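Peer 1: Need a 3D model of the following:
(2 chains)
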Amino acid sequence: GAGVSQSPSNKVTEKGKDVELRCDPISGHTALYWYRQSLGQGLEFLIYFQGNSAPDKSGLPSDRFSAERTGGSVSTLTIQRTQQEDSAVYLCASSLAASGQETQYFGPGTRLLVL
Amino acid sequence: SQKIEQNSEALNIQEGKTATLTCNYTNYSPAYLQWYRQDPGRGPVFLLLIRENEKEKRKERLKVTFDTTLKQSLFHITASQPADSATYLCALDLAGNNRKLIWGLGTSLAVNP
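Peer 2: So this is what the prediction gives:
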């Protein structure tokens, strides 16, 4: 069906506010990844979900960041008390399984600007 | 420490020439290496995957090599076109935990008409 979708496409918020970013993966994909990409930088891994296994949260930069995946499908990345350094593009990707040999399909990203 | 390096400087070539991009890694022993293309304002798009036991992989005008001794992958675009202009990212699976990929910073390619 359709590819990975993310919403909102752009988000401007004030420092200290909470934001929620949403990702709809490709149907049937059991793995879902969140990345952050700052201007001119590479992809920074944040967290991944694989089926019903405990998520790998090793990339989350602080306890202000959290994510959940409901029903093995849609995922929400929440950033609490946003800081200016959180400004970046947040990319979501899904794959058939969490494996280095699986193709990751990316959404268009959410551009977050914290003023 | 573990590191992935791609050409940091943008690559500018003339249309019709072959573009060669480099991905070097240290202190990894990846089983798989992937190449993606990223256009401005978009997410990366998968191009090719090569396994550690494969020396070369081809897809249309694209060719990837994987030298586990040199710890290097080369990505070639033959008969390049202006539409090939983009940033190209290499990604490796993490040794001992191949459930996620480690990404290079990418190389920007500009093909001039």
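Peer 1: just checking, B:Glu56 touches B:Ser73?
Peer 2: No - using Cβ atoms under 8 Å, B:Glu56 is not in contact with B:Ser73, being 10.4 Å away. C-beta here means a position set from N, CA and C on the backbone, and glycine is covered the same way.
Peer 1: Please name the nearest non-neighbouring residue to B:Asp39.
Peer 2: Distances taken as Cβ to Cβ, 6 or more residues apart in numbering or on different chains place B:Ala86 nearest to B:Asp39, at 5.1 Å, with adjacent residues excluded.
Peer 1: Touching, that neighbour and B:Leu109? I think so.
Peer 2: Yes - counting by Cβ under 8 Å, B:Ala86 touches B:Leu109, with 6.3 Å between them.
Peer 1: Sticking with A:Arg111, tell me its helix or strand.
Peer 2: strand A:110-114 (DSSP states H and E).
Peer 1: Show me which residues of chain A sit near chain B.
Peer 2: Proximity of chain A to chain B, by Cβ under 8 Å from any Cβ of the partner chain, involves residues A:4, A:31, A:33, A:35, A:41-43, A:45, A:48, A:50, A:56, A:91, A:93, A:98-101, A:103-109.
Peer 1: how about a cut-off of 6 Å?
Peer 2: Taking Cβ under 6 Å from any Cβ of the partner chain as the contact definition, chain A meets chain B at A:Gly42, A:Leu43, A:Tyr48, A:Leu91, A:Ala98, A:Gly100, A:Gln101, A:Thr103, A:Phe106, A:Gly107, A:Pro108, A:Gly109.
Peer 1: Give me the sheet partners of the helix or strand where B:Thr65 lies and which way each runs.
Peer 2: Here B:Thr65 sits within strand B:62-67, counting by DSSP H and E. According to DSSP bridges, strand B:62-67 forms sheet pairs with strand B:56-59 (antiparallel), strand B:72-77 (antiparallel).
Peer 1: so of these, which one's packed in deepest?
Peer 2: Comparing those on average neighbours per residue, with mean count of other Cβ atoms under 10 Å in any protein chain shown, the densest one is strand B:72-77 at a mean of 20.
Peer 1: what's downstream of that strand, the next helix or strand?
Peer 2: By DSSP H and E, the next helix or strand past strand B:72-77 is strand B:86-94.
Peer 1: Packing partners of that next one?
Peer 2: strand B:19-26, strand B:32-38, strand B:97-103 (3 or more Cβ pairs under 6 Å, 6 or more residues apart in numbering or on different chains; DSSP states H and E).
Peer 1: show me the residues around the closest residue to chain A within chain B that make contact.
Peer 2: Of all residues in chain B, B:Asp93 sits closest to chain A, at 2.3 Å by Cβ to the nearest Cβ. If you count contacts by Cβ atoms under 6 Å, 6 or more residues apart in numbering or on different chains, B:Asp93 has them with A:Gly100, B:Pro30, B:Ala31, B:Tyr32, B:Leu101.
Peer 1: Quickly compare the helices and strands packed on strand B:86-94 and say which is most buried.
Peer 2: It is strand B:32-38: most buried of those by mean count of other Cβ under 10 Å, with a mean of 23.
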